[in-house]
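Participant: Quick one, what's the 3D model for this:
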Amino acid sequence: MLPRIFLICQNIRSRHNVGSIFRSADAFAVSKIYLCGYTACPPHPNILKTALGAENTVPWEHQKQTWQVVEELKSRGVVILALEKTKTSIPLVQILGNRPIILQAKKHGVGIILGNEVSGVTRKITNRADKVVHIPMYGQKESLNVAVAAGIALYHLRNLC
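Facilitator: Residues are numbered from 1 along each chain as shown. The predicted model follows:
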């Protein structure tokens with residue numbers, strides 16, 4: 001059985017990104033997506049355009065407060081990773097070498113927090129995460145589109161958990 005993966009979307013403003021996240025979530029067998037704050041929810045046409053039906057195959061729910069979702073999942077033993085570049089964040093692949101975290105993730109699951117396209121994951125939420133991780137960038141830009149970053153993170157977590 002595959003380890004459970006949860007996506008926690010905090011204030012994602014683009015409905016196209018939300019739809020794309022649903023597509024990647026379906027591809028990597030995500031257990032549930034939490035659409036938090038003002039993140040748009042299906043059945044908006046722009047979500048449906050990029051989700052291509054994945055909104056019907058991946059369980060999801062809307063929650064106003066991201067912190068409540070994080071605390072609920074943590075109370076169930078789920079490892080919470082905030083995907084955000086900060087001064088203290090570590091590369092995602094390093095977390096995958098952390099045996100205690102991987103064992104806990106295999107047993108209880110892992111949650112990935114994705115943030116707003118401009119402002120990222122809020123400090124209030126990164127402070128609640130077990131670890132803050134980032135995807136190393138080698139070009140001139142400092143960040144990836146949130147939906148692209150979600151796909152990369154899901155690939156690594158699904159294949160190494």
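
Participant: Next, the residue most central in space within the chain: secondary structure please.
Facilitator: Per CA atoms, centre = their mean, the C-alpha nearest to the average position across the chain is that of I112, at 3.3 Å. Under DSSP: H, G, I helix; E, B strand; the rest coil, I112 falls in the strand class.

Participant: quick one: pLDDT of it?
Facilitator: For I112, the pLDDT comes out at 98.

Participant: Tell me who's in contact with T57.
Facilitator: Contacts for T57 were tallied using CB atoms under 8 Å, 6 or more residues apart in numbering; they are D26. Glycine gets a C-beta too; all of them are placed from N, C-alpha and C.

Participant: Now it. Its backbone dihedrals?
Facilitator: phi -110, psi -20 (degrees, to the nearest 10).

Participant: what pLDDT does it get?
Facilitator: The model's pLDDT for T57 equals 98.

Participant: any idea of the mean pLDDT for the longest helix along the chain?
Facilitator: Secondary structure assigned by DSSP state H gives helix 146-160 as the longest helix of the chain. Mean pLDDT, computed over helix 146-160, is 93.

Participant: and it, which residues are buried?
Facilitator: Going by neighbour count (16 or more other CB atoms under 10 Å), the buried part of helix 146-160 is V146, A147, A149, A150, G151, A153, L154, H156, L157, R158.

Participant: Extract the CA atoms of it and return them as CSV.
Facilitator: Provided in CSV are the C-alpha atoms of helix 146-160 (Å, rounded to 0.1, in the frame of the first residue of the first chain):
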residue,chain,number,x,y,z
VAL,A,146,3.3,26.4,-7.6
ALA,A,147,1.7,23.6,-9.7
VAL,A,148,5.0,22.7,-11.2
ALA,A,149,6.6,22.6,-7.7
ALA,A,150,3.8,20.5,-6.4
GLY,A,151,4.4,17.9,-9.2
ILE,A,152,8.1,17.8,-8.5
ALA,A,153,7.6,17.3,-4.7
LEU,A,154,4.9,14.7,-5.3
TYR,A,155,7.2,12.7,-7.6
HIS,A,156,10.0,12.7,-5.1
LEU,A,157,7.8,11.8,-2.1
ARG,A,158,5.9,9.1,-4.0
ASN,A,159,9.1,7.5,-5.3
LEU,A,160,11.2,7.7,-2.2
